[in-house]
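Chemist: Sequence first, then the predicted structure, then my questions.
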Amino acid sequence: MRRLLCAISAVFTMGVLTAASVSAQTNNPILIGVHLDQAKQASYYSLLQKDAIDLFVKEFNAGGGVLGRQVQVLYEDDENNPVTTVTKVDKLASENVSYIVSIGSSATGLATQTRAGELKIPDGAPANLAESLSSDPPKPYYFRIPLRGKYELAAVAQYLHKKFGSPKLAVVRDSTQTGLVISDQWINDLKKAGFDIVTVEQITPGSTEATGQALRVKDSKADVVIVCGASIPDLANYIKAHKQFGNPAPLIGNSVFTSGGFLKLAGSAAEGLVYPDAVDPSRPEIQAIEAKFAKAYGDRLKNQAVALQAYEYMRLVMDAIKRAGSDDRQKIRDAMEATTNWPIAIGPPGTKLTYSPSNHDLFTSADQVVLREVVNGEFGPALKWR
Amino acid sequence: MQVLLSGLQIGSIYALMALGFYVIISATGILNFAQGEWMMVAGVLGLTLLGFGLPYPVAVLGSIAGATALALLSELAIIGPLQRRNASPAITLLALFGIMIVARYGTGILYGRLEEPLPPPAGSHVFLLGNNVFVFAQSILIYVSTAVIFIGTDAFMRHTWLGRSLRVAAIDPLAASLVGVDLGKVRLAAFGLGGLIAATTAWLYAPLYAVGYMTGAIPGIKGFIALFIGGLASPLGPLVGGLLLGLLEVSASRYLPSIYSEGIAFALLMLVLFVRPDGLIASARPH
């Protein structure tokens, strides 16, 4: 009898402990790891995305979270260093995050892609542009929604042919490391697309003016000037000089100009600049998110495509967790890959996201790229040119 | 003509940055790595004060005072104590490098990473001087301010007790201390003057570029190069070095494919160091 009582007590105790454990697990928040550049070269974009993620999570938790649980984001500073990023991914893995979102530079995003893949943690980036982040077949644990360089370029090439025929081009770039990488790709791809590039000029970072470059471009008699790179103040100085010297050649930029800071720096000289973007501001979904940003942060996230992309990426990840019915990494990965015809605010109106075992990208053709123009001192609506 | 005006504009900025380096290195032997950061701090402070709605002159003076105070503080709290403990030049350099990193990335964390324009003190007027030749009101302010700052610094060094102390300490610190020059005060004055010049330069440079936590990096490097091109013999060295560097950069970007203008500063520095190791002005006016 005594033994029986002991056995019953033991079973009861185990049951209580197991129930408590299960209850604690289901009441624990779902953890999402995010690595970002807190203070170095990529921090400007990182922090805009962090603001968007913070706002999304706050709203999402207020709405009840997912699977009856709250969501908690664990941030790690990657110091814009791929080696540091790997250690931060390991740390996030040990903290049992269900998903890792990269909002640092493309270089750190690439480090995460490799390490998280090895650890079988689903991961991805809302705004990393580097083409090297996409592969065929795709990395099994990595999912993207950013505008891709090759489609951005293809859209610009189509626009140039359609609007100007076969124009002679001048390319102006900044000589920061990222600026050179981006512009080299543009120069190569534009040449491959059959364009005649009559001059390539570059701006030394930190210059207060671009007189020499603007005069050389004017002398080159280029029909269209491509302004591409990464350093907005330097490119803005060229654009100001271009207008001051009365060069009538239209200006076409790369997606770096999607930053709100550009309009302040270039002032009225920015008028007429055409550039590719991931978002179409006329979409009601974009306007709704922008309104939330404005309410929470004032003008800080205004016209910041990267923030919109981060917000939408978090929405996608939460939906995948809901469809997975679990915070299990493998199930979330599978749910991400099974995403089909999912309405997303990035891209032109009506864009729907479909991943598959052979595609983990939102942007899969130049037709999805939005071209916009600076009009009346603002980033204007999507151009109707196709 | 436009190349000349533009070259003088950016050259003046380089010259002023070089002058800040010169004042400190000539009086103390210390190469102040953080010189560009005082300029950056002044710009960010100015933008912040304007954001608070303060009147423009108050923002200008407040930001210059704030950045100069930080320069003084770095000497009082870090460099001075290290010098009193006879720290090696390498340790002092490392400390200044640390100050630069903390100032730069600390500003980034506190202020954010957005690069914004600073409203120009002279307004946005453009004066047309001919076909394809124009000058901004801000550029005129740069030319005039550079002249005033160089003349003022030279006069200060020649005609005030503190300025003469700076020069004596530069020539022979031991002899200077024997005749009653307080080397600690000289060092503090040098850092204060260097900080003041850099902070003032912020209001000349940033309106034509942008204000952000990285704003001081490139002018700091170019000022350093200009100093060694011109030489350390007198304030004329930084002036000649800065203007020459600016004119060559802009000329190269006009008359050569601009990809070559990138290396002009370093090529010129190497050439000068090879031909005249003490800088262009050194042989004309021996130390």
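Modeler: Received it, and whenever you're ready, just let me know what you need.
Chemist: Which secondary structure element is home to residue 202?
Modeler: Let's take chain A. Taking DSSP states H and E as the definition, one finds residue A:202 inside strand A:196-203.
Chemist: nope, chain B
Modeler: helix B:183-205.
Chemist: So for that helix, what gets flagged as buried?
Modeler: The neighbour-count check on helix B:183-205 (16 or more other Cβ atoms under 10 Å in any protein chain shown) flags B:183, B:186-205 as buried. Heads up, the C-betas are built off the backbone N, CA and C, glycines and all.
Chemist: Kindly report the same for stretch B:40-54.
Modeler: B:40, B:41, B:42, B:43, B:44, B:45, B:46, B:47, B:48, B:49, B:50, B:54.
Chemist: Which single one of these is nearest to residue A:381?
Modeler: residue B:47 (30.8 Å; Cβ to Cβ).
Chemist: now the helix or strand containing the closest one, how far from the centre of its chain.
Modeler: Using DSSP H and E, residue B:47 sits within helix B:35-51. For helix B:35-51, the separation from the chain centroid amounts to 14 Å (computed by Cα atoms, centre = their mean, to the nearest Å).
Chemist: show me where chain A has strands.
Modeler: Counting by DSSP state E, chain A has strands at residues A:30-36, A:71-77, A:99-102, A:123-125, A:142-144, A:168-174, A:196-203, A:224-227, A:251-253, A:274-277, A:342-343, A:352-353, A:370-375, A:378-382.
Chemist: mind giving me CSV with those strands and columns for mean pLDDT, distance to chain B and mean neighbour count?
Modeler: Shown next, in CSV, are the strands of chain A (pLDDT from 0 to 100; distance: least, Cβ to the nearest Cβ, whole Å; neighbours: other Cβ atoms under 10 Å in any protein chain shown):
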stretch, mean pLDDT, distance to chain B, mean neighbour count
strand A:30-36, 95, 11, 24
strand A:71-77, 95, 10, 18
strand A:99-102, 96, 17, 28
strand A:123-125, 96, 18, 28
strand A:142-144, 96, 23, 26
strand A:168-174, 94, 9, 26
strand A:196-203, 92, 4, 21
strand A:224-227, 96, 13, 24
strand A:251-253, 95, 16, 25
strand A:274-277, 94, 18, 23
strand A:342-343, 96, 31, 13
strand A:352-353, 95, 30, 15
strand A:370-375, 93, 16, 21
strand A:378-382, 87, 16, 18
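Chemist: on that earlier part again, what is the helix holding residue B:47 packed up against?
Modeler: Contacts defined by 3 or more Cβ pairs under 8 Å, 6 or more residues apart in numbering or on different chains; DSSP states H and E place helix B:35-51 against helix B:2-28, helix B:56-74, helix B:89-111, helix B:183-205, helix B:217-230.
Chemist: following the shortest one, which helix or strand shows up next?
Modeler: It stands for helix B:217-230. Next along the chain after helix B:217-230, taking DSSP H and E as the criterion, comes helix B:236-255.
Chemist: Run through the neighbouring helices and strands of that next one.
Modeler: When contacts are defined as 3+ Cβ pairs under 8 Å, 6+ apart, helix B:236-255 packs onto helix A:211-220, helix B:2-28, helix B:217-230, helix B:264-275.
Chemist: Quick check: which of those is nearest to residue A:382?
Modeler: Between those, helix A:211-220 lies closest to residue A:382; by Cβ to Cβ that is 27.7 Å.
Chemist: Of all the residues in that closest one, which ones are buried?
Modeler: Buried-residue list, helix A:211-220, by 16+ other Cβ under 10 Å: A:211, A:212, A:213, A:214, A:215, A:216, A:217, A:218, A:220.
Chemist: what residues does that helix touch?
Modeler: Helix A:211-220 is contacted from outside by A:168, A:170, A:172, A:198-199, A:201-203, A:225, A:238, A:241-242, A:244-247, A:249, B:2-3, B:6, B:132, B:250-255, B:257-258, B:261, using Cβ atoms under 8 Å, 6 or more residues apart in numbering or on different chains.
Chemist: What mean pLDDT does that helix get?
Modeler: Mean per-residue pLDDT for helix A:211-220: 91.
Chemist: same check, this time on stretch A:262-271
Modeler: For stretch A:262-271, mean pLDDT is 87.
Chemist: Now find how far off-centre it is within its chain.
Modeler: Offset of stretch A:262-271 from its chain centre (Cα atoms, centre = their mean): 23 Å.
Chemist: Go ahead and flag the most central residue of chain A.
Modeler: When Cα atoms, centre = their mean is applied to chain A, the residue found nearest the centroid is residue A:127 (0.9 Å).
Chemist: quick one: which of the helices and strands packed on helix B:236-255 is nearest residue B:34?
Modeler: Once the helices and strands packed on helix B:236-255 are compared by Cβ to Cβ, helix B:217-230 is nearest, at 8.3 Å.
Chemist: The closest one: which residues count as buried?
Modeler: Neighbour count says helix B:217-230 has B:217-230 buried, by 16+ other Cβ under 10 Å.
Chemist: Nearest to chain A among those?
Modeler: Using Cβ to the nearest Cβ, residue B:218 comes nearest to chain A of those, at 2.7 Å.
Chemist: Go ahead and confirm that closest one touches residue A:205.
Modeler: Yes. With contact defined as Cβ atoms under 8 Å, residue B:218 counts as touching residue A:205 (5.4 Å).
Chemist: Which pLDDT value goes with residue B:240?
Modeler: If you check residue B:240, the pLDDT there is 92.
Chemist: ok, it - how many residues close by?
Modeler: 22 (other Cβ atoms under 10 Å in any protein chain shown).
Chemist: can you tell me which residues contact it?
Modeler: B:229, B:230, B:231, B:280, B:281.
Chemist: got the residues of the stretch 251-386 of chain A near chain B?
Modeler: With Cβ under 8 Å from any Cβ of the partner chain as the criterion, the stretch 251-386 of chain A comes near chain B at residues A:261, A:264, A:265, A:267.
Chemist: these two touch, right, the first one and residue B:211?
Modeler: Same thing as residue A:261. No. Between residue A:261 and residue B:211 there is no contact under Cβ under 8 Å: 10.7 Å.
Chemist: Mind checking which of these two has more residues around it?
Modeler: Shown here are residue A:261 and residue B:211; by other Cβ under 10 Å, residue B:211 has more neighbours (25 against 21).
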